[in-house]
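Novice: Everything below, folded, please.
(2 chains)
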Amino acid sequence: MIDEILQHLLSGVTVGSIYAATALGLTLVYGLLKILHIAHAGVYVWGAYAGFYAYTYTGNPIVAGLASMAVAALLGVGIERVFYLRLLDKPRYVPLMVSIALFILMEELAANLFGHYPKGFHVEELPRQSINVGGLTINALQVVVVSIILSAFVSLWAILAKTRFGIASQALIQDMEVSQALGVNLYRVLDVNFALGSALAGLAGLIVGMYYSSIYPYMGNIVAYKALVVIVLGGFGSIAGALLGGIILGVSEEFLTAYLGHILPREAFAFIVLVLLLIARPQGLLGRGE
Amino acid sequence: MVLPEYYVTLAIQVGIYAIAALGLNITMGKAGQVNLGQAAFMGIGAMASAILTLRLGLPFWLALPASGLLAGLAGTLLGLVSVRLRHDFLAITTIGFNFIVVYVFLYYEVFGGSYGIIGIPRPTIAGLELKSLYYAILVYAILALLMAIARFFDKTWGGIAFKLVREDEEAAMSLGVDVRKFKIIAFALGAAYGGIAGSLIAHFKTVIVYSDFEFVYSIMILSMSIIGGLDSIPGALVGASIVILLPEIFRPLTEYRYIMYTSIIAVMLLYMPSGILGSGSPVTKLYRKLVQK
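Specialist: Model prediction:
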């Protein structure tokens, strides 16, 4: 019994850390621009494909990771520059709908360019063996996934908490007008935030592709909306919150599926959790209201 | 006169989706409440109508209003949630609602699971089956009735209250408008329109499956509303015609239809946010100028 619970916990943490990585960009953008950046999931898909093709041509997983991050960062900054910056003075639903439209557009473009069907993605270099610790099976791949994402989170946290750039971001989140008057360059900070958050999403796309050994154009569908659940759980604009929210969601999904999977499919739980949470606490789990 | 079946089919689709888009225009355009799950209300109406006629043997003429009512009831529930939420949170909740509804359709045998419900009867009048042109007439008669209702509501105190709720909630409250009540009415009314559209599509296609009501269809309906103008009543029909007919006129577009819908939304919102017939659009301004002279 206890073994079973630990096993669910382990896979919940793995999946949850992937959710966290995809939600991070969303939380950064929301903190600054108050835009729900759904198109982030499109960036995640394109990151996965960039990594896939880079790996296919070079056979080097490091190059694949760099390619994912570079393509994703470029796309993220492009979306910010071409669309979001022009929509800041519009009603709040306008950028949201543009973002959703961009997300579906990016998925459909990927489907038309790279094919509608899943592509097998087998990375030889990844460890596939598993070890047994007192009845608990730990998959080496799970360890790799969790540690890559954790180290990415720690370095991002360090950038945002310890550098001049990080302080500038925090200032903008607190008060956009005053910090601009004090000489913070809004556009540069936005660019860097979009680039960092998108790079992590691209990397997450690649990691998911490697973890499940396949990628497909609609892989962003579920992630897009689960990332929303994660930031509502973890509170908008908080890095630690994104990590916490991702892991809470991953673990609770795992247990709900294991014990209530006959009532509803796995993917529905996230939305039920979300809707119930929003009814109970409209400002989010850790939010303080408007 | 015999119209080729193809055109009749297209006309029926345009009419049905115009009803769904009209519902969205009421909730979003008139009352300013974001709803990104209109396809779910269509689904609720379609499934309700299919089950009521097939399993319970009710005639279409009872199932049609019943499915509107049931979808309206679901809209009321979402409305009750919506009064607690603002802006983006509301948008996320409606997306979540769409997903949950689709999963329920897929997971429960009553809704036909992944095969859907087949053999939904067509409506009959005095033993005569309504199909093709007659079905088109029925659809457009209902559309005209629903447009008239929307227009009537718009001219009454309810329409003014919607506008107040949309523009400034605090001001609305200070003028004695029950903001809560009107938000719920906005959702219920828009959802009921969606439900009626759902029932009509079920009895037209005679086969419905959960995937007909997925989130992308909510986006498709949204693109119709945005093109026509979110706060315009005839805009719903204009938007539905453009979105459905464009891929038919330009055949190669069929494969890229989602690319088309989403590009239209992005470009329109950037450069022409009030749509073709919305209150701020060049077409409307020109029309007003001509009429005033």
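Novice: which residues in the chain form helices?
Specialist: Because you didn't say which chain, this covers chain A. Listed in chain order, the helices of chain A (DSSP state H) span A:2-33, A:40-58, A:61-82, A:93-114, A:140-162, A:164-174, A:176-181, A:186-212, A:220-234, A:239-260, A:266-280.
Novice: Oops, wrong one, chain B.
Specialist: In chain B, the helices defined using DSSP H lie at B:5-24, B:38-54, B:60-82, B:87-107, B:133-155, B:157-167, B:169-174, B:179-205, B:215-228, B:233-249, B:257-271, B:282-292.
Novice: Identify the residues contacting B:A74.
Specialist: Taking C-beta atoms under 8 Å, 6 or more residues apart in numbering or on different chains, we find B:A74 in contact with B:40-41, B:44, B:191, B:195. For every residue, glycine as well, the C-beta is placed using N, CA and C.
Novice: With mean pLDDT and distance to A:A280 as extra columns, can I get the helices of chain B in a markdown table?
Specialist: As requested, the helices of chain B are arranged in a markdown table below (pLDDT from 0 to 100; distance: least, C-beta to C-beta, whole Å):
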| stretch | mean pLDDT | distance to A:A280 |
| --- | --- | --- |
| helix B:5-24 | 94 | 28 |
| helix B:38-54 | 96 | 22 |
| helix B:60-82 | 93 | 11 |
| helix B:87-107 | 86 | 12 |
| helix B:133-155 | 93 | 33 |
| helix B:157-167 | 86 | 24 |
| helix B:169-174 | 85 | 22 |
| helix B:179-205 | 94 | 18 |
| helix B:215-228 | 90 | 24 |
| helix B:233-249 | 89 | 35 |
| helix B:257-271 | 81 | 32 |
| helix B:282-292 | 78 | 43 |
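Novice: So for A:T27, which of those sits nearest?
Specialist: Among those, the nearest to A:T27 by C-beta to C-beta is helix B:87-107 (12.8 Å).
Novice: So which bits of that closest one are buried?
Specialist: Residues B:88-107 are the ones in helix B:87-107 that count as buried (16 or more other C-beta atoms under 10 Å in any protein chain shown).
Novice: near chain A too, which of these?
Specialist: By C-beta under 8 Å from any C-beta of the partner chain, the members of the buried residues of helix B:87-107 lying near chain A are B:88-89, B:91-93, B:95-97, B:99-100, B:103-104, B:106-107.
Novice: Out of the helices of chain B, which is the most enclosed?
Specialist: Stretch with highest mean neighbour count among the helices of chain B: helix B:38-54 (a mean of 28; mean count of other C-beta atoms under 10 Å in any protein chain shown).
Novice: I'd guessed A:E253 sits against A:R266; true?
Specialist: Yes. With contact defined as C-beta atoms under 8 Å, A:E253 reaches A:R266; the gap is 6.1 Å.
Novice: what about the two, which has more around it?
Specialist: Using other C-beta atoms under 10 Å in any protein chain shown as the criterion, A:E253 and A:R266 rank with A:E253 on top: 24 against 16.
Novice: For the closest residue to B:F105 other than its chain neighbours, give me its contacts.
Specialist: Nearest residue to B:F105 in three dimensions, chain neighbours excluded: B:Y210, at 3.6 Å (C-beta to C-beta, 6 or more residues apart in numbering or on different chains). Residues near B:Y210 by C-beta under 8 Å, 6+ apart: B:43, B:102, B:105-106, B:111-114, B:116.
Novice: In contact with B:P234, which residues?
Specialist: For B:P234, the contacting residues are B:147, B:228, B:277, by C-beta under 8 Å, 6+ apart.
Novice: Quick check: it vs B:G32, distance?
Specialist: Distance, B:P234 to B:G32, by C-beta to C-beta, to the nearest Å: 20 Å.
Novice: next one: B:D154
Specialist: B:D154 sits 14 Å away from B:G32, going by C-beta to C-beta.
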